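In: Structure for the following, please:
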Amino acid sequence: LAGKFDGVRGVVFSEMTGCLHNSRKNVRTYLRRYFRDAPFPVFLGFPSGHGIENVTIPLGVRVSIDSKKKRLFFEESGVR
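Out: Numbers count the residues shown, from 1 in each chain. Coordinates of the predicted model:
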């Protein structure tokens, strides 16, 4: 209701290690409930954050999302 998601075209969550009793199922259930009416794709499990694989996500760069293939593509470099 605060408009924080106005203009958002997609949301990407990391592996969410250690959240909701360290249960991926609990996290997925919560996010599905919260984003059930979202008009954009929501991804869970991107290998970043505090998991074994830790991909750095640059902020402020253009990305594209393929929701059918469940892929995130960085369209530009995070280093200028």
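
In: Mind jotting down where the helices sit in the chain?
Out: Assignment of helices within the chain using DSSP state H yields the ranges 24-34.

In: which stretches of it form strands?
Out: 11-14, 42-46, 63-66, 71-74 (DSSP state E).

In: What pLDDT does the model give the closest residue to Phe73 other than its chain neighbours?
Out: If the residues on either side of it in the chain are set aside, Phe73 comes closest to Ser64, at 4.8 Å by C-beta to C-beta, 6 or more residues apart in numbering. From N, CA and C alone the C-beta is placed, and that goes for glycine too. The per-residue pLDDT reported for Ser64 equals 90.

In: ok, now which ones touch the residue nearest to Gly78 when sequence neighbours are not counted?
Out: Across the structure, with C-beta to C-beta, 6+ apart as the measure, the residue nearest Gly78 apart from its sequence neighbours is Pro58 (2.3 Å). For Pro58, the residues meeting the contact criterion (C-beta atoms under 8 Å, 6 or more residues apart in numbering) are 74, 77-79.

In: ok, the residues you listed vs Leu31, which is closest?
Out: The shortest distance between Leu31 and any of those, using C-beta to C-beta, involves Phe74 and amounts to 22.7 Å.

In: Look up which residues are beta-bridged to the closest one.
Out: Assessed by DSSP bridges, Phe74 has beta-bridge partners Val63.

In: mind checking how far it is from Ser64?
Out: Distance, Phe74 to Ser64, using C-beta to C-beta, to the nearest Å: 9 Å.

In: Just list whatever residues bridge to the spatially most central residue of the chain.
Out: Against the mean C-alpha coordinate of the chain, by C-alpha atoms, centre = their mean, the closest residue is Val12 at 1.0 Å. Going by DSSP bridges, Val12 is paired in beta bridges with Phe43.

In: Can you name the residues that contact it?
Out: 42-43, 46, 57, 65, 72.

In: Quick check, pLDDT for it.
Out: Model confidence at Val12, expressed as pLDDT, equals 88.

In: can I assume Gly45 is in contact with Phe13?
Out: Yes - judged on C-beta atoms under 8 Å, Gly45 makes contact with Phe13 at a distance of 7.4 Å.

In: Just the buried residues of stretch 19-39, please?
Out: For stretch 19-39, the neighbour count (16 or more other C-beta atoms under 10 Å) marks 19, 27, 31, 35 as buried.
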